[in-house]
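everything below, folded, please.
(one chain, ligands or ions: 1)
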Amino acid sequence: MSRVFNFSAGPATLPEEVLKQAQEEMLDWQGTGMSVMEMSHRGKAFMSIAEKAESDLREIMAIPDNYKVLFLQGGASSQFAMVPINLLHGNNKADYLNTGQWSKKAITEAKRYCAVNVVASTEDSKFTTVPDQASLPTSTDAAYFHYTPNETIVGVEFPYIPETNVPLVADMSSTILSRPIDVSKYGVIYAGAQKNIGPAGITVVIVRDDLIGKVIDGMPAMMDYQTHADADSMYNTPPTYSWYLAGLVFQWVKDKGGLQGMAEINQRKADKLYAAIDNSDFYSNPVEKPARSWMNVPFILANADLDKQFLEEAEKVGLSTLKGHRSVGGMRASIYNAMPEAGIDALIDFMQDFEKRNG
Ligand code: PMP
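This is a model prediction of the structure:
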C-alpha cells in the first residue's frame, strides 16, 4: 500500500491514525460485534460515540455552555438557507461580506428570504484580499452579519474577527479547527465536515441558545435549529459513521495539542509553502500577504502551458489533486490539519525540481 499526499480541497485527506483506528474497529466496535455503520443511533454504543464527539469538540474549541452543538446533514450549503430562516427573527435585512465564491453563494441563498445588504465586497480585487477592518461599520439594524473567514477557492483568510452589534455568523467550513477561535464572539458558526472535521455527510453548527426557536413560519421541521437542538441532533437518523469519524478526528486534534498545537503546525506549514512560492520567479500567489489562507494555497506557474505537465509529474511522485479551481486555474494546495508536514516538504522539493527543469 502506498498513500499519496492528497491536496484536495474537500473531501480532503484524513489523519492516517484515524483511518487506521477506523479500520481496526470496522467489523467490531469495541466488543459490540458490529460496525458503527450498523448500529442503531438510539442504542447505548452509538449514543456514547455521539456524546464523546460533542464533548471533545466542546473541549477543543472551548465552546461556552450557552451554545448548542448540532450535527446536521445537507452540508454548509444548507446553512446558507438555515441561517436566514432561523436568524431573521422578523427583521427583513441581513448584512453580508462578499469575499469570494462561497460568500456569493451564501448571499444568493439569503436573498430568497430577506434583503441582503452587502457591507463590503472585494470582487474588484478578484477576491485577493479582505476588507479593511476599519472600513466596516460596527453598528447596524440588520438581523445578523455573515462572513466567510476562509474562502477555499482563492485562498483568502480573515486575519481579524469583524466587530458588530448583531449576531456574527461565520461559514468556517475550510478553517474550523485550524487555530484557536473565540466562539463567544459568534452567534452561529457552521462548517461542512469534509475538510478539517471528517468525511463528507455531516455539518457542524454551533449556535448560541438565545438565537434558536424563532424560525420563519411554515418552514420544514428539518430546517429549524430548535428541532435538532431539542433532539440532540437525533430528530431523524443522523449520519452515524461520519459522526463517529469526526469524533476520532477530534480525539486526534486533542492528542496533537488541541487548537494551539494545530495552529503552530499549520502556520509553519503555510509559511514554508508561501516562502517557496515568493522566493521563486516561476511560481506566484496573488493574495495580499496578511490575508493569505493557512489552509488553501493557490499558486500559478509563470507559463500556463506547463500546467498539465506539472500536474502529471506531481501525480507520478505521489502529490495528488493539485489542480486549481476551474474559476481561477493554476494550482491549489489545500493543506488542512491532516496534511503532514512531510507533504509540504515533498511538494516544495518537487516544485523546485520542476522549476529547475522548466523555468
Ligand atoms: N463554504 C465553504 C467555505 C466551502 O469551502 C464549501 C465547500 N467547498 C462550502 C461552503 C459548501 O459546502 P458543502 O459542500 O458542505 O455544502
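
SS state for the closest residue to A221 other than its chain neighbours?
Spatial nearest neighbour of A221, excluding adjacent residues (Cβ to Cβ, 6 or more residues apart in numbering): T227 at 4.7 Å. Glycine gets a C-beta too; all of them are placed from N, C-alpha and C. Assigned with DSSP: H, G, I helix; E, B strand; the rest coil, T227 falls in the helix class.

run a quick neighbour tally on T227.
When neighbours are defined as other Cβ atoms under 10 Å, T227 has 19 of them.

then V215?
20.

contacting residues for it?
Contacts here follow Cβ atoms under 8 Å, 6 or more residues apart in numbering; on that basis V215 touches I85, N86, M223, D224, Y225, Q226.

out of those, which end up buried?
Neighbour counting with 16 or more other Cβ atoms under 10 Å marks I85, N86, M223, D224, Y225 as buried within these.

the third one reaches M82, doesn't it?
Read it as M223. Yes. M223 is in contact with M82 according to Cβ atoms under 8 Å; the separation is 5.6 Å.

closest to the ligand among the contacts of V215?
Minimum distance to the ligand across the contacts of V215 is 14.7 Å, recorded for M223 (Cβ to the nearest ligand atom).

Provide the backbone phi and psi angles at the closest one.
phi -90, psi 0 (degrees, to the nearest 10).

ok, now T152?
Dihedral angles for T152 - degrees, to the nearest 10 - are phi -70, psi -30.

and it, what does it touch?
Neighbours of T152 in contact, by Cβ under 8 Å, 6+ apart: A9, G10, G100, W102, S173, S174, K195, M295, N296, S334.

near the ligand, from those residues?
By Cβ under 6 Å from any ligand atom, the members of the contacts of T152 lying near the ligand are G10, W102, S173, S174.

name the helices or strands packed onto the helix or strand in which I85 is found?
Using DSSP states H and E, I85 sits within helix 75-87. In terms of contacts (3 or more Cβ pairs under 8 Å, 6 or more residues apart in numbering; DSSP states H and E), helix 75-87 is packed against helix 101-110, strand 168-171, strand 188-192, strand 203-208.

and the helices in the protein, which stretches?
For the chain, applying DSSP state H gives helices covering 16-24, 44-61, 75-87, 101-110, 225-230, 240-255, 258-278, 307-316, 341-358.

how about the stretch 1-150 of the chain: which residue is closest to the ligand?
G75 (2.6 Å).
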